[in-house]
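[1] Predicted structure and sequence below. I'll ask about it afterward.
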Amino acid sequence: MTISTDTGTPESVSDERRPIMLELVDESGRTTGTSEKLAAHRAPGVLHRAFSVFLLDGRGRLLLQRRSLSKYHSPGVWSNTCCGHPYPGEQPFAAAARRVGEELGLSPSLMREAGTVSYHHPDPISGLVEREYNHLFVGLVDREVNPDPEEIHETLLVDPEGLERARAEGTFSVWFPTVLDAVRPALRELPNGDVW
């Protein structure tokens, strides 16, 4: 299952015509093959490996990002600090650290694994499907972000009340509620994360 019509911005791929490949997995997270990124997200979707990062600042506020308006998938919606897909054979932790650096221009002062969650969420706006075996990571950020405008339109630091206001006022990614619920116990274990 490989096509080469991905019109999105490649994730650190020097040749933009080269298709971005994802790692397909079974329900237990075992690798079963590879697929081109856009093909894996076309309905009905193919289960593939992904990651989601949630970073808190020193006051326990969650760093959110609003995805770039130019993205072909879920443009302009709010979501967690960083998310993406490991390349085939790339460890999820390494991929998460790489993408935090590429998207936000920083390294977390702490980042650790926080479990996995699987979901199957169609996106009614794009028609694409998020069918992912998602590795969760939590951590701390202790300096200003320097977002890549190709990836991130804006960022916001929120406490739980601020998050509820943001969710009432703006559109969030279809996967956000699922990954937030799954990662809350790990967020509460971080310094100043007990509010979550």
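    Good, I have the coordinates.
[2] Could you pull out the strands in the protein for me?
    Defined through DSSP state E, the strands belonging to the chain, from first to last, are 21-25, 31-36, 48-56, 62-67, 78-79, 82-84, 110-122, 129-140, 152-158.
[3] What helices and strands are in contact with the second one?
    Using 3 or more CB pairs under 8 Å, 6 or more residues apart in numbering; DSSP states H and E as the contact criterion, the neighbours of strand 31-36 among helices and strands are strand 21-25. The way it works is simple: take the backbone N, C-alpha and C, and place the C-beta from them, glycine included.
[4] outside of the strand it packs on, which residues touch it?
    For strand 21-25, the external contacting residues (CB atoms under 8 Å, 6 or more residues apart in numbering) are 2, 31-37, 40, 46-49, 85-89, 133.
[5] Nearest residue to Glu151 in space, ignoring adjacent ones along the chain?
    What sits nearest to Glu151 in space, not counting adjacent residues and going by CB to CB, 6 or more residues apart in numbering, is Glu103, at 4.5 Å.
[6] CSV for the strands of the chain, including mean pLDDT, distance to Asp181 and mean neighbour count?
    What follows is these, written out as CSV (pLDDT from 0 to 100; distance: least, CB to CB, whole Å; neighbours: other CB atoms under 10 Å):
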stretch, mean pLDDT, distance to Asp181, mean neighbour count
strand 21-25, 98, 21, 21
strand 31-36, 98, 26, 16
strand 48-56, 98, 12, 26
strand 62-67, 97, 14, 22
strand 78-79, 97, 14, 22
strand 82-84, 97, 15, 24
strand 110-122, 97, 8, 16
strand 129-140, 98, 11, 23
strand 152-158, 97, 16, 16
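[7] Tell me which of those lies nearest to Gly193.
    With CB to CB, the closest approach to Gly193 among the strands of the chain belongs to strand 48-56: 5.5 Å.
[8] How far off centre is that closest one?
    Computed by CA atoms, centre = their mean, to the nearest Å, the separation of strand 48-56 from the middle of its chain amounts to 5 Å.
[9] Next, the angle from it to strand 129-140.
    Angle of strand 48-56 versus strand 129-140, following axes from the mean of the first three to the mean of the last three CA atoms, to 10 degrees, is 30 degrees.
[10] And strand 48-56, what does it pack against?
    For strand 48-56, the packing partners by 3+ CB pairs under 8 Å, 6+ apart come out as strand 21-25, strand 62-67, strand 82-84, helix 92-104, strand 110-122, strand 129-140, helix 176-188.
[11] For Pro75, find the nearest of the ones you listed.
    Taking CB to CB as the criterion, strand 62-67 is the member of those that comes nearest to Pro75, at 5.9 Å.
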